[in-house]
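**Q** what's the 3D shape of this:
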Amino acid sequence: MPRLAANLSMLFTEAPLLDRFGLAAQAGFMGVEMQFPYGEPAAAIAARLHDTGLEMVMFNLPAGNFAKGERGIACLPGREQEFREGVEQALDYARTLGVRQMNCLAGIAPPNGHRAVRETLVANLGFAAKRLADEGMVLLVEALNTHELPGFYISRTRQALDVIADVGLTNIKLQYDFYHMHLMEGDLAGTLTRQLPRIGHIQIANPPNRHEPGEGELNIDFLLEHLDQLGYAGWVGCEYRPSKGTAASLGWAKRWLAR
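**A** You can find the predicted model right below:
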């Protein structure tokens, strides 16, 4: 049965970050995820997890300078040392927070040097996966849509799976995001059926405005039921922008949170 996790980078943003943990627990969530936890001390986050009984299920490796438009550096030749330092920083947080899996954003590729870009990405993912394997953790790789992020290096499921195959390690899996993949390729139910053994984590939001289930083009309840029928017992991260405030956006989730 899918388990819902609140993405605290996008939900409960009416409150300061550390206060969002309590709000998520009050709403019935048992798990939370974040895009980037590095703005707060790991010990402060761990204390909130302890106080609320929540599990931190996932966060991203450091992904470069967001303010300057970077969305990951794993595919960027010349940034390998920075990438490795980011992996170590993420591992420090993961140990403190009890996280068992982390996601790597490939990044926006430079306009030339495709072969070097792919070789750099595969090498960096191999380094990260080996370091996480040493800690008994799983590395995730996510495809993002190029309508909003032109040039993002991994934008389709097959691309992500091909890169994962090139890395060739068993602790690297796909992070499958309904929002991004609906925009890029559709066939979400079919992909879930075919690729579920390769999927380590799922995120949801409803196109076109990245709102909650019920506010957009996708029948996300159907897709969650489909996951249930397939036997998926992992986490589903609610990484959406509430259309009318977080609490008001959670009516759809009550049937899943009560299970």
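
**Q** contacts and neighbour counts: CA atoms only from here.
**A** Noted.

**Q** Am I right that S9 is in a strand?
**A** No - using DSSP: H, G, I helix; E, B strand; the rest coil, the assignment for S9 is coil, not a strand.

**Q** Quick check: chain neighbours aside, which residue is closest to it?
**A** M34 (5.4 Å; CA to CA, 6 or more residues apart in numbering).

**Q** cool, I154 as well?
**A** Leaving out its chain neighbours, the residue that sits closest to I154 by CA to CA, 6+ apart is A143, at 4.9 Å.

**Q** right, and A90 touches A63 too?
**A** No - A90 is not in contact with A63 according to CA atoms under 8 Å; the separation is 10.7 Å.

**Q** For Y93, grab the count of nearby residues.
**A** A count of nearby residues for Y93, using other CA atoms under 10 Å, gives 20.

**Q** Point me to the helix or strand that includes it.
**A** Y93 is located in helix 80-97, with elements delineated by DSSP states H and E.

**Q** Quick check: mean pLDDT of that helix?
**A** For helix 80-97, the mean pLDDT works out to 98.

**Q** Show me what that helix is packed up against.
**A** helix 42-52, helix 114-134 (3 or more CA pairs under 8 Å, 6 or more residues apart in numbering; DSSP states H and E).

**Q** in the first one, what counts as buried?
**A** Looking back up the chat, that one is helix 42-52. Judged by neighbour count using 16 or more other CA atoms under 10 Å, the buried positions of helix 42-52 are 42, 45-46, 48-49, 52.

**Q** cool, stretch 75-87 as well?
**A** Residues of stretch 75-87 classed as buried: 75-77, 80, 83-84, 86-87 (neighbour count, 16+ other CA under 10 Å).

**Q** Among the helices and strands packed on helix 80-97, which comes closest to L196?
**A** Judged by CA to CA, the one of the helices and strands packed on helix 80-97 that comes nearest to L196 is helix 114-134, at 19.7 Å.

**Q** Go through the helices and strands packed on helix 80-97 and name the closest to D221.
**A** Checking these against D221 by CA to CA gives helix 42-52 as the closest, at 27.3 Å.

**Q** Now do the following helix or strand past the closest one: which elements does it pack against?
**A** For helix 42-52, the following helix or strand on the C-terminal side (DSSP H and E) is strand 55-60. For strand 55-60, the elements it packs on are strand 31-33, strand 101-104, judged by 3+ CA pairs under 8 Å, 6+ apart.

**Q** quick one: contacts of stretch 192-210?
**A** 140, 173-179, 182-183, 211-218, 220, 227, 230, 232, 234-241 (CA atoms under 8 Å, 6 or more residues apart in numbering).

**Q** Out of these, name the ones that lie in strands.
**A** Judged by DSSP state E, the subset of these located in strands is 140, 173-177, 235-238.

**Q** Farthest pair within these?
**A** Spatially, the most separated pair among the ones in strands among the contacts of stretch 192-210 is K173 and C238, at 19.0 Å (CA to CA).

**Q** Next, format the buried residues of stretch 75-87 as JSON lines and append distance to E148.
**A** As requested, these are exported to JSON lines (distance: CA to CA, whole Å):
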{"residue": "C75", "distance to E148": "18"}
{"residue": "L76", "distance to E148": "19"}
{"residue": "P77", "distance to E148": "23"}
{"residue": "E80", "distance to E148": "26"}
{"residue": "F83", "distance to E148": "24"}
{"residue": "R84", "distance to E148": "27"}
{"residue": "G86", "distance to E148": "25"}
{"residue": "V87", "distance to E148": "26"}
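
**Q** from these, which is closest to R158?
**A** Distance to R158, by CA to CA, is smallest for C75 among those, at 17.0 Å.
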